[in-house]
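>>> okay, here's the prediction I keep looking at, along with the sequence it came from:
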Amino acid sequence: MESNKVVVCDNGTGYVKCGFAGENFPTSVFPCVVGRPLLRYEESLQEQELTDIVVGAACADLRHQLDVSYPVTNGIVQNWDDMGHIWDHAFYSELKVDPSECKILLTDPPLNPVKNREQMIETMFEKYNFSGVFIQIQAVLSLYAQGLLTGLVIDSGDGVTHVVPVVDGYSYPHLTKRMNVAGRHITSYLVDLLSRRGYSLTSYHLKMLKLL
């Protein structure tokens with residue numbers, strides 16, 4: 001592993017996208033979800049060993065046997081223990097890197113509490129031993145990827161929508177607008193419309209929609 005390798009990690013409400021700087025596409029994209037077995041036993045009904053912690057797409061395969069949680073709500077990390085499991089999966093299982101031999105670029109939602117940003121930096125340095133950590137606003141990075149430093153970014157993800165003005169590579173927090181309505185809420189609304197039209201959706205279907 002090259003010592004100057006830079007890991008890029010975008011922690012979204014619905015999905016985590018991770019890869020390496022200089023590449024056109026993420027190496028891995030997986031659901032930002034953590035599952036724990038409802039019952040403690042070694043053999044599952046699907047003849048698949050059930051571990052104490054299940055992360056990402058595997059939660060969909062074992063959905064009947066897991067209590068699932070989402071560490072990120074409306075773009076903000078709420079459960080740091082589960083977020084640690086997400087990062088473990090991203091770095092060790094998906095990217096297969098030694099963090100101590102890398103630097104990392106983390107995306108940050110606009111108006112993210114300062115305490116959350118401090119917690120991210122502390123975790124990256126103290127737990128994973130990255131040699132360098134840089135955090136940047138998602139909107140700024142989106143413009144930069146298009147070769148621009150100035151523009152108005154409308155970012156609507158799974159759990160939150162932001163409208164961010166960026167000038168010369170700097171975002172303006174006092175002009176940034178945030179709305180806790182995004183893709184997941186639209187999906188829920190469409191499910192409600194289907195229910196009103198007589199289509200029956202069970203809790204299983206609703207759970208699957210969240211995992212897809």
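Yep, that arrived.
>>> where along the protein do the strands fall?
5-11, 15-20, 28-31, 34-37, 54-55, 66-69, 72-73, 76-77, 102-108, 132-137, 151-156, 161-167, 170-171, 177-179 (DSSP state E).
>>> give me the helices and strands touching the third one, please.
Which is strand 28-31. strand 15-20 (3 or more C-beta pairs under 8 Å, 6 or more residues apart in numbering; DSSP states H and E). Heads up, the C-betas are built off the backbone N, CA and C, glycines and all.
>>> who touches the strand it packs on?
Contact partners of strand 15-20, identified using C-beta atoms under 8 Å, 6 or more residues apart in numbering, comprise 5-10, 25-32, 56, 86, 90-91, 94-95, 158.
>>> and the contacts of stretch 126-135?
Against stretch 126-135 from outside (C-beta under 8 Å, 6+ apart): 3, 7, 84, 87, 91, 99-108, 117, 120-121, 124-125.
>>> alpha carbons only: can I get that stretch in CSV?
The C-alpha coordinates for stretch 126-135 follow below in CSV (Å, rounded to 0.1, in the frame of the first residue of the first chain):
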residue,chain,number,x,y,z
GLU,A,126,-7.2,7.8,17.3
LYS,A,127,-9.1,4.6,16.3
TYR,A,128,-7.9,4.2,12.7
ASN,A,129,-4.6,6.0,12.8
PHE,A,130,-4.9,7.7,9.5
SER,A,131,-1.8,9.8,8.8
GLY,A,132,-4.0,12.8,7.6
VAL,A,133,-7.7,13.7,7.8
PHE,A,134,-9.5,16.3,5.7
ILE,A,135,-13.2,17.2,5.9
